[in-house]
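[1] got a sequence here, can you build the structure:
(4 chains)
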Protein chains: 2
Amino acid sequence: MVSSEAKSPRERYRAQVRAEIKERAWEQIAAAGASALSLNAIAKRMGMSGPALYRYFSGRDELITELVRDAYRSLADTFGAASQAGADVAALAHALRGWALEDPQRYFLVYGTPVPGYHAPDDITAIASEIMATLLDACAALPSDGPATPFDTHLEGHRDWADGHPAPPAALRRALAFWTRLHGALSLELAGHFTGMGFDPAQLFAAELDDLTGLRSV
Amino acid sequence: MVSSEAKSPRERYRAQVRAEIKERAWEQIAAAGASALSLNAIAKRMGMSGPALYRYFSGRDELITELVRDAYRSLADTFGAASQAGADVAALAHALRGWALEDPQRYFLVYGTPVPGYHAPDDITAIASEIMATLLDACAALPSDGPATPFDTHLEGHRDWADGHPAPPAALRRALAFWTRLHGALSLELAGHFTGMGFDPAQLFAAELDDLTGLRSV
DNA sequence: TAACTTCAGTGATAACCTCTAACCATGGTG
DNA sequence: CACCATGGTTAGAGGTTATCACTGAAGTTA
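    Residues are numbered from 1 along each chain as shown, chains lettered A, B, ... in the order given. Presented below is the predicted three-dimensional model:
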């Protein structure tokens, strides 16, 4: 994805500043969450005054949308790289957990509380289905795990979201379980709901993963 | 002076206004999320001007904390009522889903993206463990489901969070699985990550629940 | 080289927001 | 009746997003 075309110096400058704005934005988000992101504060910290940022982003919303896009892209790339390296479902799970722990607020930007009425642009949902496709590949490679469930038959008739992926219903079912269960464990961990409870979140995650891959342990 | 009964008319008026403030706050949160909650807008809608609200809440933070407290309380009561009525794990799960769908933003106030650095006051965490206790009761009543898992033995040595509850490790494990799995399915559903995917979130939830109660289906 | 065009960054301004301070009216209580 | 705690007001400090007209510098073209 390194497009190093010979652009005009102006364009390179512009790209550079845009990148630095996003850099500062991520710092702010990591420190105080996305809701506390302030264009003004970013500008001040970059040594320029407020309205200058509007040359680079049409407003706060566009900046945040861009950050969400980058977050999705980052996860898709992480999954893609793992898949390229021959990762199975378990390896994908660990990649996911590593990615989440690396920057919890980035995770929440993707999977956290949504703003009512907000709809992500199409290119972002495209990245989401890219992620899902990678997951489906891994789930299709899993050994079969018993007779079809009622939910399998439901999915059989509602598999539009798999977007033509040839995975059998059981794989679709397991991809969804992968997603929802690991998100459940991960988001509660990142949100701090386990702090002070004493047990090790990593072991809970591992147990859930074992269950998903057929080693029933939870 | 806190003689429980007969309150002065002033105190009753005060309670009334506080309640209406929270009412409006919930409306705003449902419409645009907690981050868009504005004291000013609430005041205007109540026909009084801005600073008046500070007679009732020391600031935005206290109002939000109060709403979070009410949300926890509401869930604890829902669980408590179900439990009182003899609810098993499945009934608790349906109570949870009903409660969540009733007001998604209320759910996210409890289980959504946290603000870095924010720590809930003790009385709120107390309500959280009340909820957990109810869940543990139900899980302890579940029939045993096979040999102890590695995670069971980990929990055996880290069961402080159960707060003296006599449930066996397998019950602790299943309570955690109940919590994380249903939260995973529910939060993704409420956040709209399933919209447009075609399948029915209720069936996914039901499948996860069946799995939790021993009817392996996911 | 000189003239022209494009564009980044500026300050001023409007419209919000939270929250403090000072002030006033009123209703319950001594 | 007099008092004063209580709940409301306006004014204002300091923050935010965002728009506007303007300047000055950089890039482009004749």
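
[2] how much space between residue A:109 and residue A:75?
    10 Å (CB to CB, to the nearest Å). (C-beta placed from N, C-alpha, C; glycine too.)

[3] now do residue A:20
    As judged by CB to CB, residue A:20 and residue A:75 stand 23 Å apart.

[4] what does the pLDDT read for the closest residue to residue A:95 other than its chain neighbours?
    Of all residues not flanking residue A:95 in the chain, residue A:82 sits nearest, at 4.4 Å (CB to CB, 6 or more residues apart in numbering or on different chains). Residue A:82 carries a pLDDT value of 98.

[5] what number of residues lie near the residue in chain A that chain B sits nearest to?
    Minimum separation of chain A from chain B (CB to the nearest CB) falls at residue A:184, amounting to 2.5 Å. Residue A:184: 26 surrounding residues under other CB atoms under 10 Å in any protein chain shown.

[6] once you drop chain neighbours, what's closest to it?
    Residue A:184 sits nearest to residue B:184 (CB to CB, 6+ apart), 2.5 Å away.

[7] these two touch, right, that neighbour and residue A:178?
    No. Look at residue B:184 against residue A:178 with CB atoms under 8 Å: they stay out of range, at 10.0 Å.

[8] ok, which stretches of chain A are helices?
    In chain A, the helices defined using DSSP state H lie at A:9-32, A:39-45, A:60-84, A:89-102, A:104-111, A:122-140, A:150-157, A:169-190, A:201-212.

[9] out of those helices, which comes closest to residue B:162?
    Residue B:162 lies closest to helix A:201-212 among the helices of chain A, at 14.4 Å (CB to CB).

[10] and that closest one, what's buried?
    Neighbour-count burial for helix A:201-212 flags A:201, A:204-212 (criterion: 16 or more other CB atoms under 10 Å in any protein chain shown).

[11] quick check: mean pLDDT of stretch A:200-218?
    Averaging the model's pLDDT scores along stretch A:200-218 yields 88.

[12] so what's the gap between that stretch and the chain middle?
    21 Å (CA atoms, centre = their mean, to the nearest Å).

[13] residue A:103 contacts residue A:30, doesn't it?
    Yes. Between residue A:103 and residue A:30 a contact is recorded at 6.4 Å, counting by CB under 8 Å.

[14] which stretches of chain A aren't confidently modelled?
    A:1-6, A:215-218 (pLDDT under 70).

[15] residue A:112 contacts residue B:111, doesn't it?
    No. Contact criterion CB under 8 Å: residue A:112 and residue B:111 do not qualify, at 10.3 Å.

[16] tell me, what's touching the two both at once?
    Both residue A:112 and residue B:111 are contacted by residue A:187, under the criterion CB atoms under 8 Å, 6 or more residues apart in numbering or on different chains.

[17] let me see the contact set for residue A:209.
    When contacts are counted by CB under 8 Å, 6+ apart, residue A:209 touches A:89-90, A:93, A:182.
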